[in-house]
Every structure is written in C-alpha cells, then in structure tokens.
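# sequence and predicted structure below; questions after.
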Amino acid sequence: MSCLEEENPKENSSSNTSLKKRSPTWSNILFKSTRPLKHAVFTMKFQQSLSTPNSKLSNKEKTPLSNFSKIDRTLLLSDDILLRILSKLPLSQRNANFLVCKRWLNLQGRLVRSLRVLDWDFLESGRLFLRFPNLTNVDLINASIVSPRNSDILLSHKLLSFHVDSGVSRFYENHMLLPVEMIDKGLANLASGCPNLRRLVVIGASKFGLLSVAEECLTLQELELHKCSDNVLRGIVACENLQILKLVGNLDGVYSSLVSDIGLTILAQGCKRLVKLELSHCEGSFDGIKAIGQCCQMLEELTFVDHGMDGGWLAALWYCENLKTLRFVSCKRIDPSPGPDEYLGHCPVLERLHLQKCQLRDKKSVGALFRVCEAVREVMFQDCWGLDNDIFRLTNVFRRVEVLSLEGCSLLTTEGLEHVILSWTELKNLSLMSCKNIKDGEVSPALLTLFSTLKELKWRPDTKSLLASSLMRTGMGRKGGKFFKKS
C-alpha cells in the first residue's frame, strides 16, 4: 500500500493521457453500455419461459411473463368495446358470461332487455334496476302470484301456470294474488327505475298503478293486462303511445273480472294509436266495438279469444275501416243474433281471417261473419268444430281469396272443398293438413288442373296420402314450373 501511496503523480497523469489518446477497442465498445447486453439476457429468459413449463421453474427464475396466461387481457378493453363484443354472441352463449367475474356480471346485466320476474321482493327492493338497468320488456305475472315453490303440483291454464298445494281445488285471487296496494307500489318503482320500458305484462293492478307507469314510461308501446276490469282501464288513458294491447277479463276457474262496453269505450277514447288489440274473455256489444272502430282509426289487427259478446256486435266491425286481420280463437260462438244482412256491412281492406279452435255449428252466425269479411284474401281454419260441407260452402262469398289453409277439419270432404275453391280464380296457395275425409282417390281432373296453377301446395290430408309426393315429382303446385321434360 505504501508503494502505491508513494507513486509518482506525474507518471500517473502521463499514463492516463496515453489511455485517452489510445484508439477504442472492441471490448470498450461492447461494455461501454450494458443496455444491449441486458436486452439479450431478457430475450433469452423470455424464450426460456415460453419453452419451459411454469412448474419446472424455480421461484427465483419465475418472471411476470411466466404468469402471462393468467392475466385478464380484457382489462385492456373499455366497457363500451366489451359490450359490443358480448352483444354479438348468441343468447345461448351470452347467458353464462356473468360467471366470469364481477365486471362481466355488470356488463351482462346491461345487455339484458327482456326479463320475467319471479320474486316480487327483487322488484320492491330495487335490486332489479341495479342488476338490469336497461330493461325494456318486463313480465310480472309469476311474481304477483303467491304460490308454494316446494309443491310438485303445477296448475296450467292457457294463459297462466303456477304451483298449488294439494288442498287447493280452486284459484282464490284474494289469497294467491298479492294485494293490489303492493302491486301498485311495485309498478311505481318499476316506472321510476325503467323509464324506457316498452312492454309490460301485469296482473291484479289498479288504475293508480297503471297511471304511474303511463306517466313515467312515455315509450310504453305494448301492454298485457290480466284480471282486467272497466275501472282498471281508466289507468291506461295516459298511455298515449300504446300500440299493442291485450286484455284478459274473466278467466273461468282462475279469477273473475269484467270488461264491458264501458271499459271498451274508455279504452277507445284514451288509446287512439292502437294497432293491435286482443280481447280475451271479455264482454261487450255493438256499442263497444263501434267506439273502438271510430276512435282507434289505426287499428289493423283485432283478436277475440273466447269472447262473451252480445248479439248484434258483428254489425259494428265495418266501423274498423283499416282493419286488415281478424282472428277468433277458442270462441264457442261468433254472434248469436247477427241481425239482417243489410245492416252488417263489410270491412273494405280486410286481408286475413283466422279461426282457431272455434265452434262453427251455427250457420246463420258463420254466414254473417263471412259476409262481413267478403273482401278477405287469406283464410285459415284450424281445428274448428262443425266445419262441414254446408258451412264451408258459405265461403263462396269470398271472391278474392289467394291463400287457404285447412288443418284438422275432419268433417270436410273432397266434394265440399272442390265446390268452393274451383270458383276462386285468384287462389295461389293451398295448405291442407289432417283432414281425414279428404281422399286422394276422390280428386277430380279439374282439381288437379287447379293444383298445377298454384304457386304453393301443401297436401297432407292424412298420413296415408301419396298425392303430395307424386305432385312434387311432376312439379305441380309451383307456378311456372316445367311439368314435362323432353326425351
């Protein structure tokens, strides 16, 4: 150390000067900056981490890149972008997304637009709006019925289904439906939490609950009311944009309520923008239907389900000047006393007449209905009782029919069918299913000629019919097709 301390400073300075003047070597260039070397070491470790499983690496050798597969790379995407990606998935794959993480749970809730509520507390507590803030379609039927969840007995009706105890032989609405006050309070919460609501299904509400929905949900377009009455209809007067309405009045064996001409008149004066109206188990007469026709001038579709209309109501249908579709479902009668033919009138722009599971035994009633619908272009009979040859011949008043569909008409024969459709010069489509008294062997040459001019033909009167397959081979039933091939 002393020797080093006593070293001549001049010699040291001269040696330093010589080093500065010396030309740079490859070692100096290589080790002057360590960044390239560090980058090379990092690249080697990265390749090693990719080729070596994580289980073979020690704790000291593990780097953040070794856990790269465990990193949630969707965190790099914003909520808007991820919502657009998730919305492209089909519904079958979208429903399980909420199980991924809490963020996906919230995003999935924002994508839900339609919901059937099963627990009323979920609505009343406000959790419904936190979980699903963008709802536009809400069904409250099941949540409004107090039924035992542990019961294995399921009571099913055409419109409702719910669990009951073994000792319950009848549905008592006073005990199995929530109180009206509770339903109205829930509707008020729903209206404030879902202002963009477009469709609502509810049972047992009063006019006050419906008024709160009408005042808050200005975009409400479709409403389905169960256990509806004349007084309840006063609450939908404020629904100015309502276009589709379904009213369910008295339901035998389930609940009782009444919709009469009073309620239909209130409805007509308040909901003038209606396009579709369905009256299920409702009563009324000429005056109620006339009020709807005069006030609801945009009405295009009218449906009656097991109605209890008084005699003479058919004469009011011609007031519905823009009616295009008239449908009857499960109606035990059409009109018990339609009145003279000169008072019936007809719907000028009617295009479709559908009758499903109706009783058509009253020849006078059915004839009056057909005269009102003489301008129809599409006719459908499905599982209608009493539709024999005599009743079907009443359709001769139809002169512009283009589409005819018959299903489950077991009393109609080939002769009765041929007698009518040969007079329809504009017939283009014919569908005949499950009509057992119509036989292939009874088809006349005139009827076969008609089949060859049809645009579409579905012929399956019974399971043994072979005419449909033979017609397909010849090309019949497809207008403009070639029936013969050159040899």
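Received it, and whenever you're ready, just let me know what you need.
# shaky segments in the stretch 151-300 of the chain?
151-175, 253 (pLDDT under 70).
# ok, which stretches of it are helices?
Assigned by DSSP state H, counting those that start in this stretch, the stretch 151-300 of the chain shows helices spanning 173-176, 180-193, 207-216, 261-270, 286-295.
# R127: which of those is closest?
Nearest of those to R127, taken as C-beta to C-beta: helix 180-193 at 10.2 Å. Placement of C-beta: from N, CA and C, glycine included.
# buried sites along the closest one?
The neighbour-count check on helix 180-193 (16 or more other C-beta atoms under 10 Å) flags 183-191, 193 as buried.
# where exactly do the strands run in the stretch 301-450 of the chain?
Taking DSSP state E, counting those that start in this stretch as the test, the strands found in the stretch 301-450 of the chain are 301-305, 308-309, 325-329, 352-356, 378-382, 403-407, 429-433.
# what is the shortest one packed up against?
It stands for strand 308-309. Using 3 or more C-beta pairs under 8 Å, 6 or more residues apart in numbering; DSSP states H and E, the elements in contact with strand 308-309 are strand 283-284.
# what pairs with the strand it packs on, parallel or antiparallel?
Using DSSP bridges, the strands paired with strand 283-284 are strand 308-309 (parallel).
# can I get the helices of the stretch 151-300 of the chain in TSV with distance to V232?
Output for those, formatted as TSV (distance: least, C-beta to C-beta, whole Å):
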stretch	distance to V232
helix 173-176	14
helix 180-193	10
helix 207-216	6
helix 261-270	8
helix 286-295	16
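# and of those helices, who's closest to E415?
helix 286-295 (36.6 Å).
# mind listing what's buried in that closest one?
286-293, 295.
# now for the residues you listed, which pair is the farthest apart?
F286 and C295 (14.9 Å).
# okay, V180 and S260: tell me how far apart.
Per C-beta to C-beta, to the nearest Å, V180 is found 20 Å from S260.
# do the same with S114
Distance from S114 to S260, by C-beta to C-beta: 33 Å.
# do S212 as well
According to C-beta to C-beta, S212 stands 25 Å off from S260.
# again with A238
A238 is 21 Å from S260, by C-beta to C-beta.
# show me what contacts A315?
By C-beta atoms under 8 Å, 6 or more residues apart in numbering, the contact list for A315 reads 286, 338-339, 343-345.
# no wait, E321
Contact analysis of E321 by C-beta under 8 Å, 6+ apart lists 293, 297, 347-349.
# so what pLDDT did Q47 get?
At Q47, the predicted lDDT confidence score is 50.
# settle this for me: D287 is touching G263, isn't it.
No - contact criterion C-beta atoms under 8 Å: D287 and G263 do not qualify, at 11.7 Å.
# could you tell me which residues touch both of the two?
Both D287 and G263 lack any common contact, where contact means C-beta under 8 Å, 6+ apart.
# not counting sequence-adjacent ones, nearest residue to V275?
Counting by C-beta to C-beta, 6 or more residues apart in numbering, Q243 is the residue found nearest to V275 once chain neighbours are left out, at 4.6 Å.
# for the one you found, give me its contacts.
By C-beta under 8 Å, 6+ apart, the residues touching Q243 are 221-222, 273-276.
# buried ones among the residues you listed?
221-222, 274-275.
# restricted to strands, list those.
Cross-referencing the buried ones among the contacts of Q243 against strands under DSSP state E gives E222.
# pipe the buried ones among the contacts of Q243 into TSV and attach distance to E374 per row.
Supplementary listing: the buried ones among the contacts of Q243 in TSV, determined by distance: C-beta to C-beta, whole Å:
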residue	distance to E374
Q221	32
E222	31
L274	25
V275	24
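# show me the domain layout of the protein.
79-111, 123-474 (automatic domain parsing).
# pick the most deeply packed of the ones you listed.
Mean neighbours per residue, mean count of other C-beta atoms under 10 Å, is largest over the domains of the chain for domain 123-474, with a mean of 18.
# and the pLDDT for G126?
In this model, G126 is scored at 86, pLDDT.
# now do the same contact list for it.
Taking C-beta under 8 Å, 6+ apart, we find G126 in contact with 189, 193.
# give me the distance between it and S452.
From G126 to S452 the distance is 66 Å (C-beta to C-beta).
# also D341?
Separation of D341 from S452 (C-beta to C-beta): 37 Å.
# likewise P340?
To S452, P340 is 42 Å away according to C-beta to C-beta.
# surely S410 meets P461?
No - S410 lies out of contact with P461 (C-beta under 8 Å); the separation is 9.8 Å.
# quick check: neighbours shared by those two?
Listed as contacting both S410 and P461 by C-beta under 8 Å, 6+ apart are 434-437.
# let me have those residues in CSV, extended by pLDDT.
Shown next, in CSV, are the shared contacts of S410 and P461 (pLDDT from 0 to 100):
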residue, pLDDT
S434, 92
C435, 92
K436, 90
N437, 91
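# is it possible to get JSON lines of these that adds distance to M380?
Below are the shared contacts of S410 and P461 laid out as JSON lines (distance: C-beta to C-beta, whole Å):
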{"residue": "S434", "distance to M380": "14"}
{"residue": "C435", "distance to M380": "13"}
{"residue": "K436", "distance to M380": "19"}
{"residue": "N437", "distance to M380": "19"}
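# looking at those residues, spot the one nearest D306.
S434 (23.0 Å).
# wait, the closest one sits on W459?
No - counting by C-beta under 8 Å, S434 does not reach W459; the two are 11.5 Å apart.
# C384: what's it in contact with?
When contacts are counted by C-beta under 8 Å, 6+ apart, C384 touches 355-360, 408-409.
# next one: S365
If a contact means C-beta under 8 Å, 6+ apart, then S365 has 333-336, 338 as its contacts.
# output those residues as JSON lines; include the columns distance to L317 and pLDDT.
Shown next, in JSON lines, are these (distance: C-beta to C-beta, whole Å; pLDDT from 0 to 100):
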{"residue": "R333", "distance to L317": "16", "pLDDT": "91"}
{"residue": "I334", "distance to L317": "11", "pLDDT": "94"}
{"residue": "D335", "distance to L317": "10", "pLDDT": "92"}
{"residue": "P336", "distance to L317": "16", "pLDDT": "88"}
{"residue": "P338", "distance to L317": "11", "pLDDT": "90"}
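# now the residues you listed in JSON lines, with distance to V248?
JSON lines is the format used below for these (distance: C-beta to C-beta, whole Å):
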{"residue": "R333", "distance to V248": "19"}
{"residue": "I334", "distance to V248": "20"}
{"residue": "D335", "distance to V248": "21"}
{"residue": "P336", "distance to V248": "23"}
{"residue": "P338", "distance to V248": "26"}
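# pull the most distant pair out of the residues you listed.
R333 and P338 (10.8 Å).
# quick one: contacts for V420?
With contacts defined as C-beta under 8 Å, 6+ apart, V420 is in contact with 392-393, 395-396.
# next one: it from R399, what distance?
Per C-beta to C-beta, V420 is found 11 Å from R399.
# repeat that for L406.
The gap separating L406 from R399 is 19 Å, by C-beta to C-beta.
# sounds good, over and out.
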